[in-house]
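K.L.:
Just the structure for this:
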Amino acid sequence: MSLYLNEIAPWERKNEYYKILQLGKDSKQQSQLINTQTKAMISSQLASANSIIASQDRIIEGINNLSSGIEHVEQSIYDLKATFEWGISEVVWQLEQNRKVLKDILEVLMSPLDTKAKERKKRANEAYTNGWIEDAEEEYLESEKLNKYDFSIHISLGMIYLFEKIDKEKALSYFSKAVKYARPKSSYYTSYSLLYYALINFDLGEIEKAEEYTQEAIALSPDFLEAYYQNAQYNAKLKNHEKSITQLENIIKQNKLYCLKANKDPLFEPIREYVNKLFEKLRDEEKDKALKKYYDLVERNKNLNLFLERFSTTIDSAKFTENNQQMNKEISNFQQRINRDSYFDFIEINDVFFPNLKTNYTNLCSNVESAIWSNISKAESPLRNAEYESKNAKSKHKSNVEKYGDQTTRAILIGSFIVPALVTLLFADGWSKLFTIVFCIPVISQLASLLLVGELIFNYSEFSKDQSSLIIAWSIVIYLFSALGYFLLAKFGSKSEMETSISNVKKVQENTETSIKNAKTVLSEFQNCKLSID
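P.N.:
Prediction:
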């Protein structure tokens, strides 16, 4: 391996996509440029990707799904992950200093300092931002004398000696100090400094040390993906393929863009065979997941199609035709994506395409199920009406009986005055007409009527000699039987009407229960065929 003592190593140079990035005051513009150039870089990496990683069809589709989220990061090494390159270290470090977490740490470090020390640091940062490297170096060196515990000063000086002065020994010294003074304050910035410390050791041919320092960075910041990647690089150079592949597999599963980065990374050439096997393994794992989802969905959709065909008239499946046809089309697209047989295609099937397809399938099933429930509700509506009609018929009969009873009672009470009085006037002679007065007086009239009826029943032979009394008594009896007859006829007529209504209701209930049973059978069939997709 060539040593890079006082020159920029190939991996430390800006690639063509990042050459536009320079130190400057407008951090927002720098961040936007990183976003733009990062996407261009990913697009280029994708275009030249191994066919195991991305199919030609996937390459043609572009980087939309791949670059999701890049435009919203804070642009630290931690956030850039696979899109970080050593060549933009200075710009990224400038942006890094805008992060709140670093500002909070530095505020504590600088709070006891006098105005002179703070002013020195401010002038140093301003000079560095403007690209006045000589001035920046001078001001940082003076700031170091006033506040040697400020690890950000040592990182800035390390950047200057590594990328501007190209003095690897001095750069190594300052990143060593940065590691020392960052350690009590921040695990992340200790890891951050360790990565540069490891890089310089690697440039100087100390690959074992570089690997150890990146391993330490991982231990301090277990979620720092770039630390794992660099550790994998150094292990690749040491031909420790097992550890290198383990680290690479771990980070690719968390950020698939590392797949593109490793695919063209010359540092992995010593173990390229194992890297390609890793790509195949990752592809096959995602492929197995995708195939399971595909076959499961095809089976479910087949059952759904058969169901809709079988019960087309029952649930009016025509209104689901468009959605169902779209589902069949998407499943066909699913198969075409599987046939592409690449890692990125399978990842996007599992993470993007299938979840969307699952949602569409679930919505279709929900709509079908809602239609079935609507049919059940419609079928149950006549049953509810029938139950109401039955109760109403019984209530009406009861009300009629009470009404006819009241009418009969009133008729008897009124008739007890009018009937005997009229009969007396018509058939009695002389003083016998005075009975009319008796029958016009309440209570007395009822008592007199009872006496006459009693005589008619119990002493008919003697009573029959008095023709007028006999006629009056019979008129009372005939009237009473007429009133009772009316009541009984009205009652039985109402009962007959009620029974007819109830009979009709029962027929409706029988037909309705058959419809409900059929609708619930359809629901049961549907629930058996649609089952949720895993």
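K.L.:
which residue sits closest to I155, ignoring its sequence neighbours?
P.N.:
Leaving aside its chain neighbours, I155 sits nearest to A178 (4.7 Å; criterion: C-beta to C-beta, 6 or more residues apart in numbering). Using the backbone N, CA and C atoms, a C-beta is placed for each residue, glycine as well.
K.L.:
and the one you found, what element?
P.N.:
helix 168-182 (DSSP states H and E).
K.L.:
in that helix, what's buried?
P.N.:
168, 170-179, 181-182 (16 or more other C-beta atoms under 10 Å).
K.L.:
Which SSE is immediately downstream of the helix or strand containing A219?
P.N.:
A219 is part of helix 207-220, with elements assigned from DSSP H and E. Reading on from helix 207-220 to the C-terminus, the next helix or strand found by DSSP H and E is helix 225-237.
K.L.:
continuing past that next one, what's the next helix or strand?
P.N.:
helix 241-254.
K.L.:
what's the angle between that following helix and helix 207-220?
P.N.:
40 degrees (axes from the mean of the first three to the mean of the last three C-alpha atoms, to 10 degrees).
K.L.:
by contact count, what packs against helix 241-254?
P.N.:
Under the contact definition 3 or more C-beta pairs under 8 Å, 6 or more residues apart in numbering; DSSP states H and E, helix 241-254 sits against helix 225-237, helix 257-263, helix 272-310.
K.L.:
How far off centre is the second one?
P.N.:
Meaning helix 257-263. Relative to the centre of its chain, helix 257-263 is centred 31 Å away, using C-alpha atoms, centre = their mean, to the nearest Å.
K.L.:
which other helices and strands contact it?
P.N.:
Applying 3+ C-beta pairs under 8 Å, 6+ apart, we find helix 257-263 packed against helix 27-47, helix 225-237, helix 241-254, helix 272-310.
K.L.:
Confidence-wise, which of those helices is weakest overall?
P.N.:
When these are compared by mean pLDDT, helix 27-47 comes last with a mean of 70.
K.L.:
Give the buried residues for the helix or strand following that helix.
P.N.:
The element immediately downstream of helix 27-47 (helix or strand, assigned by DSSP H and E) is helix 56-61. Neighbour counts over helix 56-61 (16+ other C-beta under 10 Å) mark R58, I59, E61 as buried.
K.L.:
Just want the angle from the helix holding A219 to helix 168-182.
P.N.:
When the same axes, to 10 degrees is applied, the directions of helix 207-220 and helix 168-182 differ by 20 degrees.
K.L.:
Run the angle between helix 207-220 and helix 225-237 for me.
P.N.:
Relative orientation of helix 207-220 versus helix 225-237 (the same axes, to 10 degrees): 150 degrees.
K.L.:
residues of helix 207-220 that come out buried?
P.N.:
The neighbour-count check on helix 207-220 (16+ other C-beta under 10 Å) flags I207, K209, A210, E211, E212, Y213, T214, Q215, E216, A217, I218, L220 as buried.
K.L.:
ok, for the fourth one, nearest residue in space, not its chain neighbours?
P.N.:
Spatially, and ignoring its direct neighbours in sequence, E211 is nearest to Y234 (4.0 Å; C-beta to C-beta, 6+ apart).
K.L.:
before we move on, back to that, now the residue nearest to I155: how far from Y197?
P.N.:
Per C-beta to C-beta, to the nearest Å, A178 is found 8 Å from Y197.
K.L.:
quick one, domains of this protein?
P.N.:
14-96, 280-383, 387-530 (automatic domain parsing).
K.L.:
Please tabulate these in JSON lines and include distance to I153 as additional columns.
P.N.:
What follows is the domains of the chain, written out as JSON lines (distance: least, C-beta to C-beta, whole Å):
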{"stretch": "domain 14-96", "distance to I153": "12"}
{"stretch": "domain 280-383", "distance to I153": "42"}
{"stretch": "domain 387-530", "distance to I153": "65"}
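K.L.:
hey, which of those is tucked in deepest?
P.N.:
domain 14-96 (a mean of 18; mean count of other C-beta atoms under 10 Å).
K.L.:
Which parts of the stretch 351-500 of the chain are helices?
P.N.:
Here the stretch 351-500 of the chain has its helices, by DSSP state H, counting those that start in this stretch, at 354-427, 435-439, 444-458, 460-463, 467-530.
K.L.:
Quick one: closest of those to Q254.
P.N.:
When the helices of the stretch 351-500 of the chain are compared by C-beta to C-beta, helix 354-427 sits nearest Q254, at 18.7 Å.
K.L.:
can you tell me which of the domains of the chain the model trusts least?
P.N.:
domain 14-96 (a mean of 69).
K.L.:
so Y189 makes contact with L102?
P.N.:
Yes: between Y189 and L102 there is a contact under C-beta atoms under 8 Å: 7.1 Å.
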